[in-house]
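*Asks:* A predicted structure for the sequence below; I have some questions about it.
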Amino acid sequence: MSDPDVISTGAPGATAADAASAGAAPTAKRRRQVPEIAALLVVLIALGVFFSITSEFFLNYDNFVNILTAAAVTGIIAAPATMLLIAGQFDLSVGSAAAFCGAVLASLALHNDIYFSVLIAVLAGLGIGMVNGFFVTVVGINALITTLGTLAVFRGLTQVVTDGQTMAIDRFGGLGTSRPLFDIPLPVYIFVGIAVAFWFLSRYTVFGRSMYAIGANPVAARLNGIRSGRTIFVGFLLSGLCVAIGGLILASQLGAASPQAASGMELSVVTAVILGGASLAGGRGAIAGTMVGLLIIGTLNNGLVLLNVSSFWQTVAQGALLIFAVSFDQLRIRLTSN
Amino acid sequence: MTDPFLLQARAIRKSFGGVEVLHGVDLDATGGSVLALLGENGAGKSTLVRILAGDHAPDSGEIVIDGEAHKALDPIAARALGVRMIFQELSDAPALTVAENISLGRWPGGRGLVRWKAVRERAVRALDELGVDIDPDAPVSTLRIGERQAVEIARAISDRARCLILDEPTAALSAQEVERLFAAVRRLRDRGTALIYITHRLDEVVEIADRVQVLRDGSVVLERDVAGTTRGELVSAMVGHAVGDVARPSDGGAAVADEPILAFSGAGSDGAFADVDLEVRPGEVVALYGKLGSGTAEVAETAFGLRQLDDGACTLKGEPHAPGSPERAIAAGVGLVPADRQREGTFMVRSVAENISVPSWKRLARHGILRRGNEARAYRRWHDELSIRSRNDPEQLISTLSGGNQQKVVLGRWLERESDVLVLIEPTRGVDVGARMEIYRVIRKLAADGMGVLVATSDYEEVVQLADRAAVMARGRIVGELGGDEITTERLTELAGG
């Protein structure tokens, strides 16, 4: 009764200390969820304290808004990525896809209405999600390989569309730069809205809970009537949608579509998701954790900039953080599977 | 002429976790002879041969090979002495060729280089000795299961195996493949190899073995030449006194409707089963009993949409039933308790509440939004009703429950789903005896509440304790049906063994 078209997950079993997302009885939920999120918050606060001491520019309102603004686009994309990883899937094409959507917008906006161009750019993002979803769920290729391929394809197509040049977009600054409330840029509000939507989706809908079941045990999910392929396909579609939103925001902030936009975004996204407690083995993870992971990365980057550390070293720090997060996940899998 | 090879186990004792599973067992394997090791699941056969192959160390006793006594062997020492075991689960490298597999880990050559010509010659020689016609250059992944087994045997003989242990080698083979395996076994015997052949199929003992040794509950209960031994003697040796201890369900004859809820007529699925006629009525537990590989699990899978029928028909509540997928089978009112709880049954990293409500999510949700209170209520209800031993916390992870209680959660799933028919495959595999009785009680209760229950099992005691009726399968066909008090361990074993 084995099922060849599902990837078998790693070690089953876990301890009571895990961040089980499900929660009916609030007391039980808190008992289990606190430790993991708390550990992340301690790291975040420790970083904050460290940078407050070492840099006089860190501890003020404007800088916090800077951190949030810098994290917004990554966060918008990390929300669906969390759901995908919960189901045991990856989307590495996010950075290229965001750049591609921006390029589509820029090239159409030259001769068309801006709203029409935005619509087509969003459809492009959904299309990329469909392509990824098709190859993963219908053809049955491993998500890592599929999206590694589409990562290259859409980075290349972005360069084709822009002819390798940065393309200016006129009168499209509002999405990325307007500050509707409390002097906080609009992307931060969009980010918070999407995070809340995915938090609800993952915890309180059949769709979101099916993602957990598929990640926890793909064979059992099928034997319990869950349509795994369709669910994962929708997951990739949502990723495509959020990637398009992210790409448009980047283009708006820059006032242009750059062929190099959002390059390396997949690294930040995967780091945030895994740092936030989603397991590579699938079946575990939470949007809240990802958001804290994201703030840790954002704070680290911001602090390093304030300390005049070169951007080369920031890349080193981010890669190291990813390896640290994955090692922690492996350790947890080993500890909990006896 | 040298003396034939002789392997003797003397007074082997072995305990696992404080429970002794071998109580001072002797065994003699002689070169040029096939010894059949017969016994039911849990009789200690596997433990005994694993000790001979060096996988386990005995607590006491000794293994004498070529007149030299060993307190214990490790796998490398056992190999060096010529003792090799072919496991049921093949341990080959499917991506490599036959020749590469035969030389795996023993590459001819030197200084880190491989002499490919020698690899091929060695393979040709070993396959020839075995009398099988397999292309040494073919990737193992392209071979059929029986051929892959032959390659493993060839690997053992090319490594100068003098005692070959075969663990239920025919479990996954077709009739033709079995013939070929027997031919190879005879050839090896005639060349002076000692063979230990583990099985629970009586006909194979008669056909292939020279001597037979029966183990029951960790002791040797019979040891003699096959010639002159009747099947009846073997059956009663295997089953022993345990017969009287297995009680029939006391609530037999519950209200059973006349119309079957699930029925197969002339059903067949290529390569798995044929001509299956079977009816399950609401309120009764029907067992489909047969040895592993006899087709019982495959019939059960058909009812759940995991396998298609090629012949005949299947009906559910009088309507044609060909679900095609588990999702549709569940929607039609069928539930499945799969054989491998860990791999197929449970979501180990998720909570008990989720595990019990998964197939009912659509009903518990409104507009796709799940009300968690409903889930927790569902769990609490079945927690009491099925006496699941846990903290009674819906958020408790299922992995923290014992195997028997995990299985109750899996059963509870279909109660919550209000399924009409429940199909179970090996429902108490890996469940300890105490919990087993509770699970039987739960299954009887499901039937008493009006469910139709079909249990595919290879455990005859389970059939006796659980079933209102039993159909016995062998090699993909139903070979007999028993009802009520006809269901005894002797009758079941006799029918299935033939």
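*Replies:* Here it is on my side, so go on. Residues are numbered from 1 along each chain as shown, chains lettered A, B, ... in the order given.
*Asks:* give the helix, strand or coil label for the residue nearest to residue B:311 when sequence neighbours are not counted.
*Replies:* Counting by CB to CB, 6 or more residues apart in numbering or on different chains, residue B:311 lies nearest to residue B:268, which is 3.6 Å off, once chain neighbours are set aside. C-beta coordinates here come from the backbone N, C-alpha and C atoms, glycine included. Look at residue B:268: counting by DSSP: H, G, I helix; E, B strand; the rest coil, its state is strand.
*Asks:* quick check, residue A:219 in contact with residue B:341.
*Replies:* No. Residue A:219 is beyond contact range of residue B:341, at 11.4 Å (criterion: CB atoms under 8 Å).
*Asks:* what's the burial count for the residue nearest to residue B:311?
*Replies:* Using other CB atoms under 10 Å in any protein chain shown, residue B:268 has 19 other residues around it.
*Asks:* can you check the one 4 residues further on too?
*Replies:* A count of neighbours around residue B:272, defined by other CB under 10 Å, yields 19.
*Asks:* got the contact list for the residue nearest to it when sequence neighbours are not counted?
*Replies:* Closest residue in space to residue B:272, ignoring its immediate chain neighbours: residue B:298 at 3.8 Å, by CB to CB, 6+ apart. Each residue near residue B:298 by CB atoms under 8 Å, 6 or more residues apart in numbering or on different chains is listed here: B:269, B:272, B:273, B:307, B:476.
*Asks:* quick revisit: more neighbours: residue A:219 and residue B:341, which one.
*Replies:* Taking other CB under 10 Å, residue A:219 and residue B:341 do not tie; residue B:341 has more neighbours (23 against 20).
*Asks:* contact partners for that one?
*Replies:* The neighbourhood of residue B:341, defined by CB under 8 Å, 6+ apart, consists of B:403, B:406, B:407, B:410, B:429, B:430.
*Asks:* and the residues you listed, which are buried?
*Replies:* Neighbour counting with 16 or more other CB atoms under 10 Å in any protein chain shown marks B:403, B:406, B:407, B:410, B:429 as buried within the contacts of residue B:341.
*Asks:* now, those that are in helices?
*Replies:* B:403, B:406, B:407, B:410 (DSSP state H).
*Asks:* can you tell me which of the residues you listed lies nearest to chain A?
*Replies:* Nearest to chain A among those: residue B:410, at 9.1 Å, using CB to the nearest CB.
*Asks:* does the closest one touch residue B:344 like I think?
*Replies:* No. If you go by CB under 8 Å, residue B:410 and residue B:344 don't touch, sitting 9.5 Å apart.
*Asks:* would a markdown table of the buried ones among the contacts of residue B:341 with pLDDT and distance to residue A:191 be doable?
*Replies:* Formatted as a markdown table, the buried ones among the contacts of residue B:341 follow (pLDDT from 0 to 100; distance: CB to CB, whole Å):
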| residue | pLDDT | distance to residue A:191 |
| --- | --- | --- |
| B:403 | 74 | 45 |
| B:406 | 85 | 40 |
| B:407 | 85 | 45 |
| B:410 | 90 | 41 |
| B:429 | 74 | 49 |
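*Asks:* make CSV out of the residues you listed and add distance to chain A.
*Replies:* Converted to CSV, the buried ones among the contacts of residue B:341 look like this (distance: CB to the nearest CB, whole Å):
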residue, distance to chain A
B:403, 13
B:406, 11
B:407, 13
B:410, 9
B:429, 13
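*Asks:* sorry, back to before: how near is the residue nearest to residue B:272 to residue B:476?
*Replies:* Separation of residue B:298 from residue B:476 (CB to CB, to the nearest Å): 8 Å.
*Asks:* hey, what's in contact with both of these two?
*Replies:* B:272, B:273.
*Asks:* just want the residue of the stretch 351-498 of chain B that's nearest chain A.
*Replies:* Closest point on the stretch 351-498 of chain B to chain A, by CB to the nearest CB, is residue B:376, at 3.5 Å.
*Asks:* quick one, what contacts the nearest residue in space to residue B:460 that is not next to it in sequence?
*Replies:* Closest residue to residue B:460 apart from its sequence neighbours, by CB to CB, 6+ apart: residue B:492 at 4.2 Å. Each residue near residue B:492 by CB under 8 Å, 6+ apart is listed here: B:289, B:460, B:463, B:464, B:470, B:472, B:482.
*Asks:* what residues sit buried inside stretch B:22-42?
*Replies:* B:22, B:25, B:27-31, B:33-40.
*Asks:* likewise stretch A:133-140?
*Replies:* A:133, A:135, A:136, A:137.
*Asks:* just say helix, strand or coil for the residue lying closest to the last one once chain neighbours are set aside.
*Replies:* Of all residues beyond its chain neighbours, the one nearest residue A:137 is residue A:229 (4.0 Å), with distances taken as CB to CB, 6+ apart. Under three-state DSSP, residue A:229 falls in the helix class.
*Asks:* could you report the neighbour count for residue A:229?
*Replies:* 17.
*Asks:* could you measure it against chain B, distance?
*Replies:* According to CB to the nearest CB, to the nearest Å, residue A:229 stands 11 Å off from chain B.
*Asks:* residue A:98 too?
*Replies:* 28 Å.
*Asks:* check contacts around that residue.
*Replies:* Residue A:98 neighbours (CB under 8 Å, 6+ apart): A:73, A:77, A:243, A:244, A:246, A:247, A:250, A:261, A:262, A:265.
*Asks:* separate out the buried members of those residues.
*Replies:* A:73, A:77, A:243, A:244, A:246, A:247, A:250, A:261, A:262, A:265.
*Asks:* show me what contacts residue B:423?
*Replies:* B:300, B:303, B:304, B:334, B:335, B:336, B:337, B:454, B:456.
*Asks:* make it 7 Å
*Replies:* B:300, B:303, B:304, B:334, B:335, B:336, B:454 (CB atoms under 7 Å, 6 or more residues apart in numbering or on different chains).
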